[in-house]
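>>> return atomic coordinates for the entry below.
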Amino acid sequence: MPTISPTINSAWQKLTQQEITCQEALKLLINDQKIVNLNFLDPEVYARFFREFSNRSALPPLIPLLLWRNCYYLGCPIPLKPDAIQQLRDRTLTDIKIIPIAEKSYRLWSLSQNFKPNEISTSTIANPNTNDAELSDISEITSLYLTKADSQIERIKTIISGALHHRASDIHLEPTTDGLRVRYRIDGILRDITTLPVDVSRKAIVALKVMSQMDIAESRRPQDGRIGESYSSTEEVDLRVDMRVSTLPCVGGEKAVIRLLPRENPFSGLEDLGFSPKKLEIYKTWLQQPQGMVIITGPTGSGKTSTLYNSLQAVATSDVNVVTVEDPVEYVLPRITQTQVHDAAGMTFAAGLRAILRQDPDIIMLGEIRDGETAETAVRAALTGHLVLTTLHTNDAVSAIPRLKDIGPDSSLVGDALLGIVAQRLVRKVCPHCAEVYTPTEADLRMLGLEKAEVDLSGWRRGKGCANCFHSGYFGREAILELLNVDSHVRELIYEGTMTQLHRYLSSIGFDSFRVAAIEKVTQGVTTISEVLRVLPHSALSIGLKPI
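Model prediction:
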């Protein structure tokens, strides 16, 4: 993992000050593997060289390393013909010496020339030998850009810019004995990016707290803040980003986590969430009901908010009043009144819900059911002519029923109010750039309780790993969903039956369980068994249901 070095004098400065010889300067710049130490390059050298050429794109791939005694020492990853070298001599009126360097060094140097901490570069650098576009290494390019940051705030902005460019949802800044470790969460997985030196670790956290309008003098208690920044892409698109920042005192200092929330609406519709056609049809019938409760359940980070927001967009027409209570409001949606919980001011979920009921709502979205009062009010709202969408934290759809009954409302009220329950997890999708056909083993089939004769094995896929997916084999995520439709028999079992009876009934009707969804996603090549096992409780795959 790359580590950012402190600012140092360039090799050319050391040479001109006669601290080292020309050969020592070249050894300082290029190691035995022909890798250029970009930290020791001097901008003045290549500024002097390139001002002699009006069209830099016509030049071969060159890095000006040194200018010494009327001779340019140029690093080049490809062999140059004598006439090309002579043209360089004639244009610069100097001698020219070509030093072989690694292609990787030239690509990184080329990327660094256009460094802007508030710009997200979406372009790639061509391979000097093949002229084909290549993706840069996420750690190397972020580390390189950080060396060019002039201040701590610029350093933080550079880290944020890199995270946005590489589809990260969160940034972790963690103090260690070696320095401040920087990690990005990409497709739900944390990846080591770089480590800031110990001497700038505390300064970087202070800079982040300044940007978040936190108390920089207080480091003994957790703090929360927000940042709103604009970032420009190479397509000249202004990217507005909201960032939730959280700090936590820990051994070695303070850890900070930045949640990245692009302000532009990222929700395209229910069809893109991961519902199968059958499940999507059932779910849409719930949303078309004039009253009742729909519960989305799953752990933190399972995509519940995305499902809720897509659902709200589907129902927020001009002839209905849609109101939400959220903690916090993550995205601002059109045609919807959104309110935020503020416990210190007395604006709790329960208080907000009671206030909403006096606002003539048709559809209510409640961010989370946390206590008995909120559950009771939400259930009664669903029974009195309102469609209520909300979330719970449970392992699966069936577990939401005893959880809701335990919180407070009467069993008969819960049964009458519920329209359906969706449980979900987010699985990484097989990278489309490096996907290959995969024949499952007997162990793979046993994991899903399948026999080779009863499934189609032609659609199974897995990723080999490539630059597009950071060599993980996965690119992007999709929800894997379990759907519990609350029909008349389920309502009866909620009121006077047991959970065992409910499970038995669901097994008899071919319940759309996690296992059914997992079989569907894996056999269609959307994801892999290892990814399903990573996100689903193993008990969900042991239910003896036949795939549909």
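
>>> how far away is residue 416 from residue 335?
Relative to residue 335, residue 416 is positioned 29 Å away (CB to CB, to the nearest Å). C-beta: built from backbone N, CA, C; applies to glycine.

>>> residue contacts, the closest residue to residue 327 other than its chain neighbours?
Closest residue to residue 327 apart from its sequence neighbours, by CB to CB, 6 or more residues apart in numbering: residue 341 at 3.7 Å. Counting by CB atoms under 8 Å, 6 or more residues apart in numbering, residue 341 touches 325, 326, 327, 328, 347, 348, 349, 352, 367.

>>> from those, which one has the minimum pLDDT?
Least confident of the contacts of residue 341 in the model: residue 328, at 79.

>>> okay, and that one sits in which element?
For residue 328, there is no helix or strand it lies in under DSSP states H and E.

>>> what backbone torsions are found at the residue nearest to residue 327?
phi -70, psi 140 (degrees, to the nearest 10).

>>> all strands for the stretch 151-300 of the chain, in order.
168-176, 179-186, 189-196, 223-233, 238-250, 253-262, 292-297 (DSSP state E, counting those that start in this stretch).

>>> please state the offset of the third one from the chain centre?
Meaning strand 189-196. Between the centre of strand 189-196 and the centre of its host chain there is 13 Å, according to CA atoms, centre = their mean, to the nearest Å.

>>> which other helices and strands does it contact?
helix 138-147, helix 152-165, strand 179-186 (3 or more CB pairs under 8 Å, 6 or more residues apart in numbering; DSSP states H and E).

>>> alpha carbons of it, as PDB, please.
Below are the C-alpha coordinates for strand 189-196, written out as PDB (Å, rounded to 0.1, in the frame of the first residue of the first chain):
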ATOM      1  CA  ILE A 189     -16.100  -3.600   0.300                       C
ATOM      2  CA  LEU A 190     -13.400  -1.500   2.000                       C
ATOM      3  CA  ARG A 191     -10.200  -1.100   0.000                       C
ATOM      4  CA  ASP A 192      -6.800   0.200   1.300                       C
ATOM      5  CA  ILE A 193      -5.800   3.300  -0.700                       C
ATOM      6  CA  THR A 194      -2.900   5.000   0.900                       C
ATOM      7  CA  THR A 195      -1.400   6.100   4.300                       C
ATOM      8  CA  LEU A 196      -0.700   9.700   5.200                       C
END
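
>>> so that strand versus strand 168-176, what angle?
Angle, strand 189-196 to strand 168-176, by axes from the mean of the first three to the mean of the last three CA atoms, to 10 degrees: 50 degrees.

>>> pull out the buried positions in stretch 458-478.
Buried residues in stretch 458-478, counted by 16 or more other CB atoms under 10 Å: 460-463, 466, 469-470, 472-475, 477-478.

>>> picking up where we left off before, show me how to select, in ChimeraX, the buried members of the contacts of residue 341.
Selecting only the buried entries of these in ChimeraX, with 16+ other CB under 10 Å as the criterion:
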select :325,326,327,347,348,349,352,367
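
>>> from the contacts of residue 341, which two are the most distant?
Spatial extent of the contacts of residue 341 (CB to CB) is set by the pair 328 and 348 at 13.7 Å.

>>> so who does the nearest residue to residue 181 once chain neighbours are set aside touch?
Closest residue to residue 181 apart from its sequence neighbours, by CB to CB, 6+ apart: residue 174 at 4.5 Å. The contact partners of residue 174, taken as CB under 8 Å, 6+ apart, are 180, 181, 183, 255.

>>> for PyMOL, write the select line for the buried members of those.
The command below creates a PyMOL selection of those among the contacts of residue 174 that count as buried (16+ other CB under 10 Å):
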select buried, resi 180+181+183+255
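
>>> now, which of the contacts of residue 174 sits nearest residue 534?
After measuring the contacts of residue 174 against residue 534 - CB to CB - the closest member comes out as residue 183, at 18.1 Å.

>>> beta partners of that closest one?
residue 172, residue 192 (DSSP bridges).

>>> I figured residue 426 was touching residue 479, is that so?
Yes. With contact defined as CB atoms under 8 Å, residue 426 counts as touching residue 479 (5.9 Å).

>>> identify the contacts common to these two.
With CB under 8 Å, 6+ apart, residue 426 and residue 479 have common neighbours 302, 303.

>>> before we move on, the earlier item: with neighbour numbers in mind, choose between residue 416 and residue 335.
residue 416 (17 against 13; other CB atoms under 10 Å).

>>> quick one: the residue lying closest to that one once chain neighbours are set aside from residue 186, how far?
Once flanking residues are discounted, residue 416 sits nearest to residue 383: 6.1 Å by CB to CB, 6+ apart. According to CB to CB, residue 383 stands 43 Å off from residue 186.

>>> now do residue 465
Separation of residue 465 from residue 186 (CB to CB): 14 Å.

>>> on that earlier part again, tabulate the helices and strands packed on strand 189-196 (TSV), appending mean pLDDT.
As requested, those are exported to TSV (pLDDT from 0 to 100):
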stretch	mean pLDDT
helix 138-147	71
helix 152-165	86
strand 179-186	94
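
>>> a markdown table for the ones you listed, including distance to residue 262?
Output for the helices and strands packed on strand 189-196, formatted as a markdown table (distance: least, CB to CB, whole Å):
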| stretch | distance to residue 262 |
| --- | --- |
| helix 138-147 | 19 |
| helix 152-165 | 8 |
| strand 179-186 | 15 |
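
>>> mind listing what's buried along the helix or strand where residue 110 lies?
Using DSSP H and E, residue 110 maps to helix 103-112. Under the neighbour-count criterion of 16+ other CB under 10 Å, helix 103-112 has 103, 104, 105, 106, 107, 108, 109, 111 buried.
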